[in-house]
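Engineer: just need the structure, nothing else, for what follows:
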Amino acid sequence: MDDYLKVVIPHLKPELVTPDALSHIRTLAQILPPFATALFECRLGSDQSRVDFQVNFSYLSPSLPETFLTHSAWQVFQEINQERTELKSYVYQRVKDIWLEFDLDKHLSEVPVPCIFLAINEQTVCNSQEVIEIASKLLQHPVSSSFESNLRLIIDCLPVRAEISHIGAMLSRSAQAVRINIRKIDPEQVLDYLMQIGWTDSSNTLQLLLSDLSKFVDYVRLTCDVGDTISPQIGLECFLQKQPKNELRWQLFLDYLVEKGLCTPAKQNALLAWPGLSQKASQPDIWPHNLNSGDMLLGSRAFSIFGRTLNHLKIVYKPDSLLEAKAYLAFFHDWFDADLLNRGNLQISKDYSEQLVC
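Structural biologist: Numbering: from 1, shown residues only. Below you'll find the predicted structure:
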């Protein structure tokens, strides 16, 4: 994976990813196989230098080192990944992708422990029993009765059209809970939904925040942690369908975050400078060797390209606590039609917004 990082590192500003944070990421990348899609999770406040890393484990992803399987978290991953090949399993029918997130706030162990996120197919809807079974599988034990009741409540109270987009387990952390991400929920529905599931907030700060966010984004995804209790902390993932070059609201949204003290001006500039393309012709000396066979097969018909996009921003909200903002910078490799590139018509329109997680 480190070979892929070398291609995009020149476009990572140190104001956003410090040399120390980058060192942690590269240490991890050196023991991971190459993944076609990954992202950086960056905190945007001042004196917040931690950066976490995520990779997408698709059907075509390479095999993992055997030493990883000595840890129970990787055994969970292997079992779920195997079920993706079994036509009759609900994992095959419901799960589109698996994402692995690595917390890099401390010294990396010899076997890195992932958080595992299952991206749910849009064509299917998980019922409460399936969510309970997935949670039990991720946590490696049956959930308690109160845990089960909370999961049923989360599902049963969903607004019309809203659905689960991801189910995740933070296996590198001590909390016995799962992260539930909810898509297709309108900002004006969020507060009513939270009240229905027992969430409380004595202020009207969230309502004002949601009103502000709706001015800047195309849609919001809600995240919450569910266990024996439902965590008071929630996440509001904010998506825009176009990249900053073609969407002024990125600038306006980041201006708003800077004004609120949630993002530094230097990090704002670094974020806006991230999107773009990297071609083999411009960086032949550092281009990953494992891509050579694809280059030879496609020849002059396609170009090997790494795309860089701003995937989304996230606001972390907890009653009576300070807000926190994060940004998710994606990069991916693919081969693109040579004719489009030669005519200058190539645009990175690959949409990971329903795949990437937080």
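
Engineer: next, the residue nearest to Phe216 when sequence neighbours are not counted: secondary structure please.
Structural biologist: Of all residues not flanking Phe216 in the chain, Phe253 sits nearest, at 3.9 Å (C-beta to C-beta, 6 or more residues apart in numbering). Placement of C-beta: from N, CA and C, glycine included. Look at Phe253: counting by DSSP: H, G, I helix; E, B strand; the rest coil, its state is helix.

Engineer: what does Ile134 give?
Structural biologist: On the basis of three-state DSSP, Ile134 is classed as helix.

Engineer: who does the closest residue to it other than its chain neighbours form a beta bridge with?
Structural biologist: With C-beta to C-beta, 6+ apart as the criterion, Ile134 has its nearest non-adjacent residue at 5.2 Å, and that residue is Ile167. Beta-bridge pairing for Ile167 (DSSP bridges): Leu118, Ile180.

Engineer: wait, what's in contact with Ile167?
Structural biologist: Phe117, Leu118, Ile120, Cys126, Val131, Ile134, Ala135, Leu138, Val178, Arg179, Ile180, Asn181 (C-beta atoms under 8 Å, 6 or more residues apart in numbering).

Engineer: recalculate using a threshold of 7 Å.
Structural biologist: Leu118, Ile120, Val131, Ile134, Ala135, Val178, Ile180 (C-beta atoms under 7 Å, 6 or more residues apart in numbering).

Engineer: in what helix or strand does Ser61 lie?
Structural biologist: Assigned by DSSP states H and E, Ser61 belongs to no helix or strand.

Engineer: and the spatially closest residue to it that is not a sequence neighbour, helix, strand or coil?
Structural biologist: Distance criterion C-beta to C-beta, 6+ apart; nearest residue to Ser61, sequence neighbours excluded, is Phe35 at 5.9 Å. The local conformation at Phe35, judged by three-state DSSP, is coil.

Engineer: how about the helices in the stretch 151-300 of the chain?
Structural biologist: Taking DSSP state H, counting those that start in this stretch, the helices of the stretch 151-300 of the chain run over residues 187-196, 205-213, 249-259, 265-272, 292-298.

Engineer: can I get those in CSV with distance to Phe332 and mean neighbour count?
Structural biologist: CSV is the format used below for the helices of the stretch 151-300 of the chain (distance: least, C-beta to C-beta, whole Å; neighbours: other C-beta atoms under 10 Å):
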stretch, distance to Phe332, mean neighbour count
helix 187-196, 28, 16
helix 205-213, 26, 15
helix 249-259, 19, 17
helix 265-272, 18, 18
helix 292-298, 14, 12
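
Engineer: same list, those helices, but as TSV with mean pLDDT and distance to Arg308 please.
Structural biologist: Formatted as TSV, the helices of the stretch 151-300 of the chain follow (pLDDT from 0 to 100; distance: least, C-beta to C-beta, whole Å):
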stretch	mean pLDDT	distance to Arg308
helix 187-196	97	28
helix 205-213	97	24
helix 249-259	99	14
helix 265-272	98	11
helix 292-298	86	19
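
Engineer: Ala281 versus the residue of the chain positioned farthest from its centre, what's the distance?
Structural biologist: Largest separation from the mean C-alpha position in the chain: Ser300, at 33.3 Å (C-alpha atoms, centre = their mean). Distance, Ser300 to Ala281, by C-beta to C-beta, to the nearest Å: 12 Å.

Engineer: now Ala21
Structural biologist: Ala21 sits at a distance of 30 Å from Ala281 (criterion: C-beta to C-beta).

Engineer: could you flag which of the contacts of Ile167 are buried?
Structural biologist: Leu118, Ile120, Val131, Ile134, Ala135, Val178, Ile180 (16 or more other C-beta atoms under 10 Å).

Engineer: just send these back as CSV, with pLDDT too.
Structural biologist: Output for these, formatted as CSV (pLDDT from 0 to 100):
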residue, pLDDT
Leu118, 97
Ile120, 95
Val131, 95
Ile134, 95
Ala135, 96
Val178, 98
Ile180, 98
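
Engineer: closest to Leu158 among those?
Structural biologist: Ile180 (10.1 Å; C-beta to C-beta).

Engineer: quick one: secondary structure of the closest residue to Gln283 other than its chain neighbours?
Structural biologist: Counting by C-beta to C-beta, 6+ apart, Val7 is the residue found nearest to Gln283 once chain neighbours are left out, at 6.2 Å. Classification of Val7 by three-state DSSP places it in helix.

Engineer: what's the pLDDT at Val7?
Structural biologist: We have a pLDDT of 97 for Val7.

Engineer: where do the strands of the stretch 51-200 of the chain begin and end?
Structural biologist: Ranges of strands in the stretch 51-200 of the chain, per DSSP state E, counting those that start in this stretch, are 51-57, 95-102, 115-120, 163-169, 178-183.

Engineer: now the helices of the stretch 151-300 of the chain in TSV, with distance to Pro232?
Structural biologist: Output for the helices of the stretch 151-300 of the chain, formatted as TSV (distance: least, C-beta to C-beta, whole Å):
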stretch	distance to Pro232
helix 187-196	10
helix 205-213	11
helix 249-259	22
helix 265-272	27
helix 292-298	48
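
Engineer: between those helices, which one is closest to Leu87.
Structural biologist: helix 292-298 (28.8 Å).

Engineer: what's next to the closest one, contact-wise?
Structural biologist: Ser304, Trp335.

Engineer: how about the helices in the stretch 1-150 of the chain?
Structural biologist: Remark: helices assigned in the stretch 1-150 of the chain by DSSP H, counting those that start in this stretch are 2-8, 19-29, 72-83, 90-94, 128-139, 145-156.

Engineer: among those helices, which is nearest His333?
Structural biologist: helix 2-8 (6.7 Å).

Engineer: before we move on, back to that, which one of the helices of the stretch 151-300 of the chain lies closest to Ser146?
Structural biologist: Closest of the helices of the stretch 151-300 of the chain to Ser146 is helix 187-196, at 17.4 Å (criterion: C-beta to C-beta).
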